[in-house]
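Asker: Please find the sequence and the predicted model below.
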Amino acid sequence: MKKLFALLILVVGVSTSWASNFGEYITVNNLQYIIDYDAQQALFNRCDAKLTSLVIPATIVSNNRTYQVVGIDDDAYINPSVTSITIEDGNMTLIGKNAFATCDKLVTLKLPSSLTSLSAYAFAYCQAKNIVLPDGITSMGEYVFYKCGATNIKLPAGITSIPQYAFYQCPNLASLSIPEGVTSLGVSCVQTCDALKTLVLPNSLTAIGDNTISGLPVLESVTLPNRLKTLGEYSFYDCPKLEQVVFPASLTAIGDQAFSLTGLKAANLPNGLKTIGASAFEMCENLESATIPRTVTSLGSLSFGYNPAMKRFYIYAPTVLSYGSSKFSGANVNQLKVFLTNENYDPYRAEMITSGTTSTTNRWSARFGTCMVKMVKCDTDGNSIVDVSDVNETINLVLNKGNAAYVAGADNDINGTIDVSDLTNVLNTIVSK
């Protein structure tokens, strides 16, 4: 009863554009259809029989008249006893909303290659474990997989956008790959999926909008597109197991709270980045190292606030000391080092990083000022000396592809990656002494 009530709420304001001349109901082989008599077309509508296997045919015959089955009607009813559904290849192009919502025991689902569209809520509550969408599908409605129980969903190659709430609250979905060609993601399109560990995003994506991907408690891996320019607000908010993200060189903006409450260990931000939003990296309990590149011109409130594990800031942006008080609040000054370029280093203004005031009597400010260190190029291990230990540390980072907390300091050429050129710079620095 509760589920039926929930479904009634879901369908409000959502409709499928079936032709108005579908109106007469007929029953063929214990399955009910609604027909367009003149066009000789039919929509599957109902299966009351207690079957375990349901086959929806490509055509039906009634009163010596043949009808093409072209779709599944909105809110079609299928007996909950059904565990397998096969839709025969033919002329079916559209699946209506809530088509499989009553299939509590559904395990396998075979879809026809003729499908081109999925309505809103088409697979809402569907319990099929593996869903493979035909490549002919080019459009999907919002909430298309709402609370779907599938562990694997293969998306079609022909889609260009993922609608809002497409994968909202899919409890069993373990991995998801968005196909190349997709250029936009809807609001909350991947949200509150408790089992999702791996997410692959296509290089065709240049922007991730606000509130797009969040609330994924076990997400461990995400590949950001190499042409990505903007990350919207709450882009990866509350993904506590997400420990590593490689930020592409194309990135220019990170929105408010984009990585707040994530498990990131390092935020090695690329040259070319211009804005970092409020609380963008706030309350990341494992965050130990961060780089603010030279190109940053705007830094939001609490952008790196309340990160108790923070040990090293590498600040290249020349105006960072004028950004005000709360950007770095909550750091443990007993373990923190703030590495500044020569043009940035000014211990008499250091208090502005935490307090927003030039008062040298502020005790917190004075303590934070003692964390200031002039940046030494190629000082990978952060001890202000370039020696053999920096060579070893850089080699380890190159071999591990930068998968470490202190990658920011090792990126001495500031190109966003730890590579052979960084190692060469360290060796040259030592030789030239």
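Answerer: Received, thanks.
Asker: Which parts of the stretch 1-150 of the chain are helices?
Answerer: Secondary structure of the stretch 1-150 of the chain (DSSP state H, counting those that start in this stretch): helices located at 2-10.
Asker: shaky segments in it?
Answerer: Along the stretch 1-150 of the chain, the model assigns pLDDT under 70 to residues 1-20.
Asker: one more time with 90
Answerer: For the stretch 1-150 of the chain, the stretches with pLDDT under 90 are 1-23, 49-51, 101-105, 127.
Asker: and what of the stretch 301-433 of the chain?
Answerer: Along the stretch 301-433 of the chain, segments meeting pLDDT under 90 span 301-302, 304-305, 310-433.
Asker: Now do the strands in it.
Answerer: Under the criterion DSSP state E, counting those that start in this stretch, the stretch 301-433 of the chain contains strands at 312-315, 337-340, 372-374.
Asker: residue contacts, the residue lying closest to G149 once chain neighbours are set aside?
Answerer: In space, G149 comes closest to Q127 once its chain neighbours are excluded; the distance is 4.1 Å by Cβ to Cβ, 6 or more residues apart in numbering. Just so you know, the C-beta spots here come from the backbone N, C-alpha and C atoms, and that holds for glycine as well. Counting by Cβ atoms under 8 Å, 6 or more residues apart in numbering, Q127 touches 103-107, 148-150.
Asker: where's T380 relative to L219, distance?
Answerer: Relative to L219, T380 is positioned 29 Å away (Cβ to Cβ, to the nearest Å).
Asker: ok, T59 to L43 distance?
Answerer: For T59, the distance to L43 (Cβ to Cβ) stands at 13 Å.
Asker: Between the two, which is the more surrounded one?
Answerer: L43 (24 against 14; other Cβ atoms under 10 Å).
Asker: In the stretch 151-300 of the chain, where is pLDDT below threshold?
Answerer: Looking at the stretch 151-300 of the chain by pLDDT under 90, you get 221, 223, 244, 246, 268, 270-271, 289-300.
Asker: one step back: of all the contacts of Q127, which comes closest to S235?
Answerer: C148 (22.9 Å; Cβ to Cβ).
Asker: wouldn't that closest one be in contact with N130 here?
Answerer: No: C148 lies out of contact with N130 (Cβ atoms under 8 Å); the separation is 11.4 Å.
Asker: what about those two, which has more around it?
Answerer: With neighbours defined as other Cβ under 10 Å, C148 and N130 compare such that C148 has more, 29 against 12.
Asker: Quick check: which element contains L176?
Answerer: Element membership for L176, per DSSP states H and E: strand 175-177.
Asker: Now do the contacts for the nearest residue in space to A101 that is not next to it in sequence.
Answerer: Excluding its sequence neighbours, the residue lying closest to A101 (Cβ to Cβ, 6+ apart) is Y125, at 4.3 Å. Shown in contact with Y125 (Cβ under 8 Å, 6+ apart): 3, 7, 98, 100-103, 146-149.
Asker: from those residues, which would you call buried?
Answerer: With burial judged by 16 or more other Cβ atoms under 10 Å, the buried subset of those is 7, 98, 100-103, 146-149.
Asker: Let me know the closest of those to T223.
Answerer: C148 (23.2 Å).
Asker: how close does the closest one get to V69?
Answerer: Separation of C148 from V69 (Cβ to Cβ): 23 Å.
Asker: One more: L231?
Answerer: Note on L231: its distance to V69, by Cβ to Cβ, is 44 Å.
Asker: Likewise for V187?
Answerer: 34 Å.
Asker: Which strands border the helix or strand just after the strand holding L176, and is each parallel or antiparallel?
Answerer: For strand 175-177, the succeeding helix or strand toward the C-terminus, using DSSP H and E, is strand 184-185. The pairing partners recorded for strand 184-185 under DSSP bridges are strand 161-162 (parallel).
Asker: and the partner strand, how far from the chain's centre?
Answerer: In terms of Cα atoms, centre = their mean, to the nearest Å, the gap separating the centre of strand 161-162 from the centre of its chain is 13 Å.
Asker: nearest residue to L219 other than its sequence neighbours?
Answerer: In space, L219 is closest to C239, 4.6 Å off (Cβ to Cβ, 6+ apart).
Asker: Show me the domain layout of this protein.
Answerer: The chain breaks down by automatic domain parsing into domains covering 22-159, 179-310, 388-431.
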